[in-house]
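J.: This is the structure alone, sequence omitted:
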């Protein structure tokens, strides 16, 4: 009887300690996203991280190139990219009903993303165009 009463006491204590804390709500934007269309799935992943109140995006291509960080600003269910040269605009909209993310730009291009995981690990950013003194041949040589 003593073991049963002791076990019951421990279980009750764990239950009571757990009641005082609310479960952590994850940010709907944070994680690794991939395009929903099969033709776009092999192209890249989009990783959204958050530190404090600041969001950053990283584009991770299957060929090993990582672009970022891209500073993002949140307004409700929307993340804005920084303004593009020429005044273009890109926004990411989170849809709570589907859990998907839609990227649209000022030209009308639309890409739908689905969450792959809440993980935000990504390869270090790389340079697409190596500098002339890096020993790599420049394009066209």
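T.: Here it is on my side, so go on. If you're wondering where the values come from, they're calculated on a predicted model, not measured in any experiment.

J.: got the contact list for the nearest residue to residue 89 once chain neighbours are set aside?
T.: With sequence-adjacent residues excluded and distances taken as C-beta to C-beta, 6 or more residues apart in numbering, residue 89 is closest to residue 106, at 4.8 Å. Using the backbone N, CA and C atoms, a C-beta is placed for each residue, glycine as well. Listed by C-beta atoms under 8 Å, 6 or more residues apart in numbering, the contact set of residue 106 reads 84, 87, 88, 89, 90.

J.: Equivalent analysis for residue 103, please.
T.: 46, 90, 91, 92, 109, 110, 111, 112, 113.

J.: Adding pLDDT and neighbour count as columns, could you present those in JSON lines?
T.: Formatted as JSON lines, these follow (pLDDT from 0 to 100; neighbours: other C-beta atoms under 10 Å):
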{"residue": "46", "pLDDT": "93", "neighbour count": "22"}
{"residue": "90", "pLDDT": "91", "neighbour count": "19"}
{"residue": "91", "pLDDT": "95", "neighbour count": "16"}
{"residue": "92", "pLDDT": "96", "neighbour count": "23"}
{"residue": "109", "pLDDT": "91", "neighbour count": "9"}
{"residue": "110", "pLDDT": "93", "neighbour count": "10"}
{"residue": "111", "pLDDT": "92", "neighbour count": "18"}
{"residue": "112", "pLDDT": "94", "neighbour count": "17"}
{"residue": "113", "pLDDT": "95", "neighbour count": "22"}
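
J.: okay, these in TSV with secondary structure next?
T.: Below are the contacts of residue 103 laid out as TSV (DSSP: H, G, I helix; E, B strand; the rest coil):
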residue	secondary structure
46	strand
90	strand
91	strand
92	strand
109	coil
110	strand
111	strand
112	strand
113	strand
